[in-house]
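In: Mind looking at a prediction? Sequence and model below.
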Amino acid sequence: MSATRVLVIDDEAQIRRALRGIFEARGYLVDVAEDARSALDALMSVTPDVVVLDLSLPDTDGIELCAQLRTWLTVPILVLSVRSDESDKIAALETGADDYLTKPFSAGELVARVRALLRRVQPGSGAASHVQFGDVVVDLAAHGVTRGGQPVSLTPIEFDILSLLAQNADRLVTWNQIRDGVWGHDAIVDANTLRVHVSNLRKKLEPYPAVPRHILTEPGVGLRLNTRDSA
Amino acid sequence: MGGESSDWRVSLLAAAARARELVARHGKLSAVVAVAVATVVFVPLRDHLGREQWGWPYLLVVGAIAGTAGIVPALMAAVLAFFAWNFFFFPPYYTLFVAQSGDLVHLGAFLVVAVAVGWQTGRLREREEAATREEQHVSALNRMSARLVSEDSEEAMARAVSEELGTILHGARTVVWVHNSDGALTPLHTPESAEQPSRLRRYAHATHDEAGVCLAQGGKPRPTVDTAAASSGQPMPDPGLETVDVVGYALCASGEIEGVLQVLLPDGAVPDAHDTATLASAANLVAAFLRTRRLSSVAMHAAAEREAERLRSALVSSVSHELKTPLASVTAAITDLMDPEVERTPKEYMENLGGIAEDLDRLDGAIADLLDVSRLEAQAWHPRPESYDVGEVLGSVIARMPRSAQARIELDVPDDLPTVYVDFIQAARAIGHVLHNALEYSEDAVRISGKASAARVLVSIEDHGPGISAEDLPFVFDKFYRGRSGKASRSSTGLGLAITKEIVSANSGDISIEKALPHGTRLIIALPTRE
């Protein structure tokens, strides 16, 4: 299998240099673009496996570029934003970005996000059949969940939601992705129903369900399964 | 009976007062009428008194007119009485011819005495009247100055002035006009019928012209009369308004025009010299009041600016400290790692790099705080509230904390709390600051509890650290304030609680601090639920 190709679109030379270093050290091929025009030029000649896009670009609005890329590009897009851009971030996710990362971020975090995005589009490329968080283990292949070694019984919808979260562990999963993945496209599921299922999942799996630390709410966007214990 | 007789007396006194007023108002006419009536009464009694003695009753009439109507009517009455006496009482009757030359002496003496009596009595009466009026005006000005001292708004002052001047100027209406920020005149208080703006706009020009005069006269206001509107004979734009002259006094204090005191007299009257003096004094009082108000508001602005300046310099010192310190230590650590002379084990490298990462975290935190403060101050960070469980917010805050910190957190959050209606990201930031403080200032467990209370959810975060001293308590929500006790004072921007307070109030919540027992701090954030 050929090396994974990353296209980094960022107007800051320092960030481009840092990202190139991080990805190349892990064996990725890196293309860089400093603005929307050179990004489109680069995309004429190479097809990356993942795009890392900074929302603040000099020539185009990052959200606009994101929407534009999404019309013909199917590879995952990871959006970089600064702290004050919460609303931009949500807009980017709505227009087709797959995940976001707030600057400043650690190399480990960036690589974990990119790997999670790649897992989704390249099944079998290191996709785990087991996902663990806290004392809960999700066996995706066997459709089983244990907590502290004891099996936990979940309804089919709860399991579908959980497996979607587990397959995208530590990645943002939007409410739309959950709807599509669990109920199928075109299904109409109201937000309250979703909330109830998520709340039931938390009751069964969280150590303190009223204050969830693993099945986290991403405000306005969706959920994220937090499997990494902070240091 | 007594009641009846007093009623009778009251109505008699009232009638007398009315008569006096009538006489006073129509002085010359009343002089003619009085002499005519007296003559009609005297003529039938002509034979009961010697002809030369009828001068005495006429003298009484002249005295009465002088006492009620003033000098000019009294002199008129004296001359008329002179002729009436001559005409009706000295033979031959009904001619001005006097048969006996001795009677000419009587008549001549009468004229001199009547004129003298009329003159003296009239002058006394006018002086008394002037003194009474003076007294009224002075006491009105005194009352006004007393009220101006106690009134705390310009509108109340304008009302007080209007009332006091209305009583002494018999129904005159006064309006205080002040220059607003763009120089146009606006009324502070408008009596029932508002003056139409077109004339006042014209008036505003007159006032500006008046400024030079005002300065040249050493700050003494001068009345200005808008004759253009009154004399042009053009129909008024507002048909409902009575025809009035616009009389205005520039409100001048220390050579600066504060506005205009407009006086609206009924019946097109123009104030006389005495009224003008009183109005000028009133205008001076109002001008002094307005100037004091303006200067004190200028002083208040100056105080606010000093406070802003203090914050700016605190910001600069905090920025330079909080940004430069970690930057300096990172620079030192990295240049040290790059030094080829020093040999290090990979473990040593990792330790050094861990320190650098910590410094960078601190730098990021300081920048985030400063960014949040500037966004909140610029009101560029509008909350986007939605319904969430407060636990979701708490969970996302706690999940981001280091494991050692997570282990110190005790939770007491029921799972049936109503959802809160807040901006998730802002609420997380606010709770994060409080939780971070609690963990920093104490070494024991930090307890987070939640409970519902009257359309709100109270989140309390309690530590058992040294607590906040009484002297620090009033200032903990101030920007850049750092408590004296506690170990965290060395590394924080002093912005956390200020940001928290701003966020909480922007989300329609409340924040309060209590002492925890036996020691420590309990900070309670009340978040709104959706009604």
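Out: Alright, I've got the coordinates.

In: and residue B:252, that's in a strand?
Out: Yes. Counting by DSSP: H, G, I helix; E, B strand; the rest coil, residue B:252 is found in a strand.

In: Now for it, how many residues are close by?
Out: A total of 27 residues lie near residue B:252 under the criterion other C-beta atoms under 10 Å in any protein chain shown. In short, each C-beta sits where N, CA and C put it, glycine included.

In: That one against residue B:261, yeah?
Out: No. Look at residue B:252 against residue B:261 with C-beta atoms under 8 Å: they stay out of range, at 10.2 Å.

In: shared neighbours of those two, which are they?
Out: Each of residue B:283 lies in contact with both residue B:252 and residue B:261 under the rule C-beta atoms under 8 Å, 6 or more residues apart in numbering or on different chains.

In: quick one: strands adjacent to the helix or strand where residue A:137 lies?
Out: Per DSSP states H and E, residue A:137 falls inside strand A:136-139. Paired neighbours of strand A:136-139 in the sheet (DSSP bridges): strand A:130-133 (antiparallel), strand A:144-147 (antiparallel).

In: Can you check which of these gets nearest to residue B:311?
Out: strand A:130-133 (44.4 Å; C-beta to C-beta).

In: buried stuff in that closest one?
Out: Within strand A:130-133, the residues scored as buried using 16 or more other C-beta atoms under 10 Å in any protein chain shown are A:131, A:133.

In: Could the C-alpha coordinates of that strand be exported in CSV?
Out: Presented in CSV, the C-alpha positions along strand A:130-133 are these (Å, rounded to 0.1, in the frame of the first residue of the first chain):
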residue,chain,number,x,y,z
HIS,A,130,-12.1,-3.6,20.2
VAL,A,131,-12.5,-0.2,21.6
GLN,A,132,-12.0,0.5,25.2
PHE,A,133,-12.9,3.5,27.4
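
In: now the closest residue to residue A:10 other than its chain neighbours, which residues is it bridged with?
Out: In this structure, residue A:10 finds its nearest non-sequential neighbour in residue A:54, 4.1 Å apart by C-beta to C-beta, 6 or more residues apart in numbering or on different chains. For residue A:54, the beta-bridge partners under DSSP bridges are residue A:80.

In: who's in contact with residue A:54?
Out: A:9-12, A:15, A:62, A:79-81.

In: From the residues you listed, list just the buried residues.
Out: Here, 16+ other C-beta under 10 Å leaves A:9-11, A:15, A:62, A:79-81 buried among the contacts of residue A:54.

In: Lowest-scoring secondary structure element of chain A by mean pLDDT?
Out: helix A:86-94 (a mean of 77; mean pLDDT, DSSP states H and E).

In: Run the chain-centre distance for the next helix or strand after that one.
Out: Next helix or strand after helix A:86-94 toward the C-terminus (DSSP H and E): strand A:99-102. Put simply, strand A:99-102 sits 8 Å off its chain's centre (C-alpha atoms, centre = their mean, to the nearest Å).

In: Would you list the strands that strand A:99-102 pairs with, along with their directions?
Out: By DSSP bridges, strand A:99-102 pairs with strand A:77-81 (parallel).

In: now the helix ranked longest in chain B: mean pLDDT?
Out: Identified as the longest helix of chain B according to DSSP state H is helix B:273-338. The pLDDT scores in helix B:273-338 average 82.

In: low pLDDT regions in chain B?
Out: Applying pLDDT under 70 to chain B picks out residues B:1-6, B:180-185, B:189-248, B:266-270, B:481-492, B:531.
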